[in-house]
Every structure is written in structure tokens, then in C-alpha cells.
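**Q** what follows is a predicted structure for the sequence shown.
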Amino acid sequence: MRFDQHTVVLLVRPADAPELPLDAADRLQDAHLAHQAGLVEQGLVLAAGPFVDADDERVRGFVVLSVSPQEARELYRNDPAVRAGRLGVRVMSWMVPEGNVRFENVPMPRSILEAAAGD
């Protein structure tokens, strides 16, 4: 059997993440979403999204990338939420049977407002 290999990033809230006022947290989230949308537009991120109803609330999001694990680490070092210490990054390779998972070119929201609009 042949396998496709993808790089996966888990976005995790560190135990020592700084507390921010709501307006600052919203601005940082918008910057994070814009960064991620830019990676999608470049074809580097294949899929991404937050977790809801997770057993471990520290695990915030999941990203599948078309680059090596080392490249993914570099890309997410530049994520504003990671730089600010609000998110940490766990990088790994994910193997699935060839053709088992397909990714469509779907735009990502660039802000909280855009995500909330649902369009």
C-alpha cells in the first residue's frame, strides 16, 4: 500500500500564555487568521481550523500543510499568536493511505468578523 504524507501542526495554548484584554486578544486573533489565510493563498496550508468541545481545551487548532515539518516550524514561528506566546506549535508527519484525504482550494477567513459572517 502507498501512503500520502502530510505535515500536521497542532496549535496548543501554553500554560503560561499571557492574559490579554479582550480587544488586544481580538486583534491578535485577527492577525493569526490573516497569517494563516496568507499561507493558504500561497498553497502551503491545505486545511486548518479550530477545535471545539475538545477533551483538552489547551489544544486549539489543527493545520495540514504541504511542506516539510521543518518548513512548517518556520512558518508558524512567524504566526503573530505564536510570537506573542498565546499559541504553541506541535509539528508532526501524518500518513494516510494514498488518495484517502483530498483537499479543496477553499479560502480561509482573515478575521474574526469574516469567520462569524459565515460567507
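**A** Yes, it's here.

**Q** when you work out contacts or count neighbours from here on, use the C-alpha atoms and nothing else.
**A** OK.

**Q** spell out the secondary structure type for the residue nearest the centre of the chain.
**A** Closest residue to the average C-alpha location of the chain: V63 at 4.3 Å, with CA atoms, centre = their mean. State at V63, reduced to three classes by DSSP: H, G, I helix; E, B strand; the rest coil: strand.

**Q** cool, and V9?
**A** Per three-state DSSP, V9 ends up strand.

**Q** kindly report the same for D55.
**A** Per three-state DSSP, the secondary structure class of D55 is coil.

**Q** which of the residues in the lowest-mean-pLDDT helix or strand in the chain are buried?
**A** Within the chain, no helix or strand scores below helix 112-117, which has a mean of 88 by mean pLDDT, DSSP states H and E. Within helix 112-117, the residues scored as buried using 16 or more other CA atoms under 10 Å are I112.

**Q** show me what it is packed up against.
**A** Applying 3 or more CA pairs under 8 Å, 6 or more residues apart in numbering; DSSP states H and E, one finds that helix 112-117 contacts helix 22-41.

**Q** flag the shaky bits of the protein, pLDDT-wise.
**A** Applying pLDDT under 70 to the chain picks out residues 118-119.

**Q** now do 90
**A** 54, 102-108, 112-113, 115-119 (pLDDT under 90).

**Q** so V67, which of the three states?
**A** Using three-state DSSP, the structure places V67 in coil.

**Q** that one against T7, yeah?
**A** Yes: with contacts counted by CA atoms under 8 Å, V67 reaches T7, the gap being 6.5 Å.

**Q** ok, back up a step: surely the residue nearest to the centre of the chain meets A47?
**A** Yes: using CA under 8 Å, V63 is in contact with A47, at 5.7 Å.
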